[in-house]
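Undergrad: I would like the atomic coordinates for the input below:
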Amino acid sequence: MRRRFATLDVFTDRRFAGNPLAVVLDTEALDAAAMQAIAREFNHPETVFVFAPADPAHRARVRIFTPARELPFAGHPTVGTAVLLGARDGGGGDIVLEEGIGAVQCTLESTSDGGGSARFAIPQLPTEVGAPADDAAIAAANRKTLLCTQLYARFPARKTADQRAGRDFAARSIGAHRRSSMAPLSREPR
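TA: Numbering: from 1, shown residues only. This is a model prediction of the structure:
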């Protein structure tokens with residue numbers, strides 16, 4: 001089955017910079033396991049799946065997945081999805097996205113290049129889960145992060161199955177910081 005999706009570059013004004021995000025627009029008959037598999041295939045920090053909202057006054061219900069698990073909320077997927085849906089709807093204004101933490105009110109501003117920005121207020125603040133770490137624990141975590149960053153820098157980025165098969169997508173620009181394409185998410189032959 002073919003599914004429409006967009007890949008976006010969030011928090012930048014240049015293509016292939018910023019935080020990458022995949023947004024799947026055709027979500028009919030997808031269960032959590034299928035969404036998790038698709039998120040793993042994209043291998044972006046997050047992949048958003050857009051559904052019809054439960055409340056007709058809202059723009060959409062969204063589910064956010066990393067390659068490893070579902071998240072109730074994440075900032076850059078909220079911004080990217082809001083801007084994409086706003087552009088599809090014709091511009092700026094306010095929309096509400098239903099997320100795992102509740103309804104998220106987003107204020108959109110369009111730009112002349114077809115991109116835009118979004119501000120949002122989350123319905124609940126993060127809660128404290130324990131005492132803050134001491135300085136030694138923070139320093140140890142930073143050393144591990146630095147080591148992981150150095151290791152990732154030594155290896156090239158993972159290519160998608162389509163890129164490995166030589167099927168690079170022709171990108172249709174929707175502003176300087178977004179790219180969009182249509183392609184199957186399954187391994188069906190073309």
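
Undergrad: Could you check the host helix or strand of A22 and say which residues are buried?
TA: Element membership for A22, per DSSP states H and E: strand 19-24. Neighbour-count burial for strand 19-24, counted by 16 or more other C-beta atoms under 10 Å, picks out N19, P20, L21, A22, V23, V24. C-betas here are computed from N, CA, C, even on glycine.

Undergrad: okay, those residues in TSV with distance to C106 next?
TA: Shown next, in TSV, are those (distance: C-beta to C-beta, whole Å):
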residue	distance to C106
N19	17
P20	20
L21	15
A22	19
V23	14
V24	19
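
Undergrad: farthest pair in the residues you listed?
TA: The span of those, defined through C-beta to C-beta, is set by N19 and V24 at 17.0 Å.

Undergrad: Select the helix or strand of the chain having the lowest average pLDDT value.
TA: strand 172-173 (a mean of 29; mean pLDDT, DSSP states H and E).

Undergrad: Do a quick rundown of the helices in the chain.
TA: Secondary structure of the chain, counting by DSSP state H: helices at 32-42, 75-89, 135-154, 161-164.

Undergrad: Where among those helices is average confidence lowest?
TA: Least confident of those, judged by mean pLDDT, is helix 161-164 with a mean of 49.

Undergrad: any idea how far P45 is from R14?
TA: Taking C-beta to C-beta, to the nearest Å as the measure, P45 falls 18 Å from R14.

Undergrad: List the contacts of the closest residue to S117 other than its chain neighbours.
TA: Nearest residue to S117, sequence neighbours excluded (C-beta to C-beta, 6 or more residues apart in numbering): E109, at 5.0 Å. The contact partners of E109, by C-beta atoms under 8 Å, 6 or more residues apart in numbering, come to G92, G116, S117, A118.

Undergrad: I am finished for the moment; much appreciated.
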